[in-house]
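**Student:** let me see the structure of the following:
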Amino acid sequence: MSSTHGGRPPAVDKALAWPGVQALIDCHGRNLVLDALRAGLQQWREGHIGDEQTLVAEVQASIEQVLAPAFKPVFNLTGTVIHTNLGRAPLPPEAINAIAAVASGASNLEYDLHSGQRGDRDAHVEDWICRLTGAEAATVVNNNAAAVLLVLNALALRREVIVSRGELIEIGGSFRLPDIMARAGCKLHEVGSTNRTHGHDYADAISSRTALLLKAHTSNYVVQGFTRSLSEAELATIAHQHDLPLVVDLGSGSLIDMQRLGLPFEPVVREVLAQGVDVVTFSGDKLLGGPQAGIIAGRADLISRIRKSPLKRALRCDKLTLAALSAVLRLYANPDTLAQRIPALRLLSRSQTDIEQTVAALLTPLTSWAGDPIAVDACEVLSQIGSGSQPLDRLPSAALRLRSQHTNKRARSRQLRELARQLRQLPVPVIGRIADDSLLLDCRCVEEPQALATQWLNHRFNAEPLA
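**Tutor:** Next comes the predicted model:
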C-alpha cells in the first residue's frame, strides 16, 4: 500500500483504485464507499488526514457507522418496567421462537390448511382470546388506540358517542380520546363533570343520534376526593335499556387478577365482559406481556361489523405480531406459571431481596467504572409499572446511586448528566434516571447482572474537569 504524507489529496478516481478501497467496494458496493470516500477526502483537505492508510480506515469506519443498526438492546434501569420509550413488555422465549418460525418463509397466515381455501388471520388468536376472556368473538389490530379508532368508526360513524367528561383521557404523545373520536368520524357527547358523573347524565343524553356508550379506564391518572363514576354493570343496564352497546376501553387490560402476584388491582377483561359490556379494547404489549397489539373482544355481531370496516385492513397486524401474540396467549393456559414464564409479570413481581442481591453484585463493577470523582452506593427506591398503569402505585425496589462529590450544585448537575450520557454510549446502553441530585440505576429489570458488570469492568467513566 502506498503512502502519501500531507499535501493535496488524491483524485477520487485514483483513491477508488486503491486495493483497500476496492476491498470495501466488493463488500459494501460502490455508492456507499464513494460517499464515505468523498467525505474522507474533504477531511484530508482540511488537514485531518494525510495518508492512504488513514483515509481507508476512515472510510471503513464511516461505512460501519452508516450500516450500524438504529435499533439497539438497552439495559432498562429507569425503574419503569413497561417503559413505552424502551419497547414496553419484553417477550418470552416462546414468542421469540414463534416469530422466528414464520419470519423466514411462507406460512399459513391467511390460509386454511383444513379446507385449502383462503383463511382469516384472526383465526390464529381469536379462539384463545375468547377462551381467556369469555368473549363471543375477537379481532386484533396494531395497538389499542387503533382498536378504539376502529370500534368507533365501525359502530358509530356519523353518530354520537356518550362519554363521561372525567374519562376524556390523553395517552402518550398528546394523543387524546376526543381526537381519536373525531378521526373515527363520530361526534363526542360528553356528560357529567370532571369528578362526578351520574346515571341520569347518560340517560338524559341518549337520543336517536346516539350510537353507543363509551367508558374509558383512567389508568394513567386518578381523580380522588369528591367523585362519582358508574360501574360497567350500571352503564350496561342503561345502554341495554335503550338498545345501545356499551364499549369499554381498558387501556392496559389484564387477563388475570394482578393482586395474585402482589401487584395493584387492574380490571380483568373477563370480569368486565361479565358485567354486561358488549365490546372491550385493550393492549397486548402492556400487562398482558406480549407484542404491540390492540385486542377487541365482545359480542359476535358487533365484532363482525368491526371486521367488515375498511379500516380493519389498514390497521391489521402482520404475521410476526400474530405469531408472538398467539404464543403469549397460550402461556395463559396455566395461570400458576405466568409469573415465571412472562418476563413483564416476572419483573413486576420480583422480590425486594432478589433485587437487592442484584444491586450488591453490581456495586463493585459500577464503582470501578465511575472512578474516584463519583460516590457510588446502594439505596431503596420505588419502581412503577409504567405505560399508564396505576400511576399512584409504586413497587419497592433497590438501586445503585451515583452522586457527584463536587461542591458546586451546577457542576454536580453537569456531572450527573455526563454520567448518564456516557452510560448511554456503552456498547449496550444503560438507561437510568436523575432524581434527588443523584443518578439512580434501578435494578428491578436486571435479572442477569453479569453482562452489565462486564461492561463496567471493561470501560471507565471519563470524568472531565469541572470548574
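**Student:** for the closest residue to residue 274 other than its chain neighbours, what are phi and psi?
**Tutor:** With sequence-adjacent residues excluded and distances taken as C-beta to C-beta, 6 or more residues apart in numbering, residue 274 is closest to residue 134, at 6.4 Å. Quick note: C-beta positions are derived from backbone N, CA and C, even for glycine. The phi and psi values for residue 134, taken as degrees, to the nearest 10, are phi 80, psi 10.
**Student:** same check, this time on residue 381
**Tutor:** Note on residue 381: its backbone torsions stand at phi -140, psi -180 [degrees, to the nearest 10].
**Student:** these two touch, right, it and residue 432?
**Tutor:** No: with contact defined as C-beta atoms under 8 Å, residue 381 does not count as touching residue 432 (10.7 Å).
**Student:** need the overlap of contacts for these two.
**Tutor:** The contact sets of residue 381 and residue 432 overlap at 440, 442 (C-beta atoms under 8 Å, 6 or more residues apart in numbering).
**Student:** what pairs with the helix or strand where residue 163 lies, parallel or antiparallel?
**Tutor:** Using DSSP states H and E, residue 163 sits in strand 160-164. When pairing is defined by DSSP bridges, strand 160-164 lines up against strand 187-191 (parallel), strand 210-216 (parallel).
**Student:** next, the angle from the very next helix or strand once past the longest one to strand 210-216.
**Tutor:** Read that as strand 210-216. The element immediately downstream of strand 210-216 (helix or strand, assigned by DSSP H and E) is helix 232-241. Put simply, helix 232-241 runs at 180 degrees to strand 210-216, going by axes from the mean of the first three to the mean of the last three C-alpha atoms, to 10 degrees.
**Student:** and the helix or strand that helix 232-241 is followed by, which strands flank it?
**Tutor:** Once the chain leaves helix 232-241, the next helix or strand it forms, by DSSP H and E, is strand 246-251. With DSSP bridges as the test, strand 246-251 is paired with strand 210-216 (parallel), strand 279-283 (parallel).
**Student:** for these, give me TSV that also has distance to residue 255, mean pLDDT and mean neighbour count.
**Tutor:** Formatted as TSV, the strands paired with strand 246-251 follow (distance: least, C-beta to C-beta, whole Å; pLDDT from 0 to 100; neighbours: other C-beta atoms under 10 Å):
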stretch	distance to residue 255	mean pLDDT	mean neighbour count
strand 210-216	19	95	23
strand 279-283	9	97	28
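**Student:** JSON lines for the ones you listed, including distance to residue 189?
**Tutor:** Shown next, in JSON lines, are these (distance: least, C-beta to C-beta, whole Å):
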{"stretch": "strand 210-216", "distance to residue 189": "7"}
{"stretch": "strand 279-283", "distance to residue 189": "18"}
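**Student:** minimum distance to residue 16: which of those has it?
**Tutor:** Ranking these by distance to residue 16, with C-beta to C-beta as the measure, places strand 279-283 first at 51.9 Å.
**Student:** how far off centre is the helix or strand following that closest one?
**Tutor:** As assigned by DSSP H and E, the chain's next helix or strand after strand 279-283 is strand 294-298. What separates the centre of strand 294-298 from the centre of its chain is 19 Å, taken as C-alpha atoms, centre = their mean, to the nearest Å.
**Student:** same check on stretch 56-70?
**Tutor:** Distance of stretch 56-70 from its chain centroid, counting by C-alpha atoms, centre = their mean, is 29 Å.
**Student:** how does the chain divide into domains?
**Tutor:** The chain breaks down into these domains under automatic domain parsing: 12-67, 75-82+348-458, 93-338.
**Student:** quick one: average pLDDT of the second one?
**Tutor:** Domain 75-82+348-458 shows a mean pLDDT of 93 in the predicted model.
**Student:** likewise for the first one?
**Tutor:** What domain 12-67 shows for mean pLDDT is 95.
**Student:** end-to-end on that domain?
**Tutor:** One end of domain 12-67 to the other measures 22 Å (C-alpha to C-alpha, to the nearest Å).
**Student:** next one: the longest one
**Tutor:** Taking C-alpha to C-alpha, domain 93-338 runs 13 Å from one end to the other.
**Student:** tell me how far the host helix or strand of residue 148 is from the chain's mean position?
**Tutor:** Element membership of residue 148, judged by DSSP H and E, is helix 144-156. Distance, stretch centre to chain centre, for helix 144-156: 21 Å (C-alpha atoms, centre = their mean).
**Student:** and stretch 400-414, by the same measure?
**Tutor:** Here stretch 400-414 is found 31 Å from its chain centre; the criterion is C-alpha atoms, centre = their mean.
**Student:** I'd say residue 155 and residue 308 touch.
**Tutor:** No: judged on C-beta under 8 Å, residue 155 makes no contact with residue 308 at a distance of 11.2 Å.
**Student:** those two: who's more crowded?
**Tutor:** Comparing residue 155 with residue 308 by other C-beta atoms under 10 Å, the one with more neighbours is residue 155, at 23 against 9.
**Student:** so how far is residue 246 from the more buried one?
**Tutor:** According to C-beta to C-beta, to the nearest Å, residue 155 and residue 246 sit 11 Å apart.
**Student:** between the two, what contacts are shared?
**Tutor:** Residues touching both residue 155 and residue 246 by C-beta under 8 Å, 6+ apart: 212, 279.
**Student:** tell me where the model's unsure across the stretch 151-300 of the chain.
**Tutor:** Within the stretch 151-300 of the chain, the set of residues satisfying pLDDT under 70 comprises 171-175, 219-227.
**Student:** check the gap between residue 251 and residue 24 for me.
**Tutor:** As judged by C-beta to C-beta, residue 251 and residue 24 stand 50 Å apart.
**Student:** ok, residue 291 to residue 140 distance?
**Tutor:** Counting by C-beta to C-beta, the separation of residue 291 from residue 140 is 10 Å.
**Student:** which residues are common contacts for those two?
**Tutor:** 284, 321, 325.
**Student:** what segments of the stretch 251-400 of the chain are strands?
**Tutor:** Secondary structure of the stretch 251-400 of the chain, counting by DSSP state E, counting those that start in this stretch: strands at 279-283, 294-298, 374-383, 395-404.
**Student:** against residue 250, how distant is the nearest residue to residue 298 once chain neighbours are set aside?
**Tutor:** For residue 298, ignoring the flanking residues on the chain, the nearest one in space by C-beta to C-beta, 6+ apart is residue 279 at 3.6 Å. In this view, residue 279 and residue 250 are 11 Å apart by C-beta to C-beta.
**Student:** residue 251 and residue 24 - which one has more neighbours?
**Tutor:** Counted by other C-beta under 10 Å, residue 251 and residue 24 do not tie: residue 251 has more neighbours, with 25 against 21.
**Student:** check the gap between that one and residue 273 for me.
**Tutor:** 15 Å.
**Student:** with residue 166 instead?
**Tutor:** Residue 166 sits 23 Å away from residue 273, taking C-beta to C-beta as the criterion.
**Student:** got the phi/psi numbers for residue 21?
**Tutor:** Backbone torsions of residue 21, given as degrees, to the nearest 10, read phi -70, psi -40.
**Student:** how many other residues sit next to it?
**Tutor:** 23.
**Student:** same check, this time on residue 71
**Tutor:** Residue 71: 6 neighbours (other C-beta under 10 Å).
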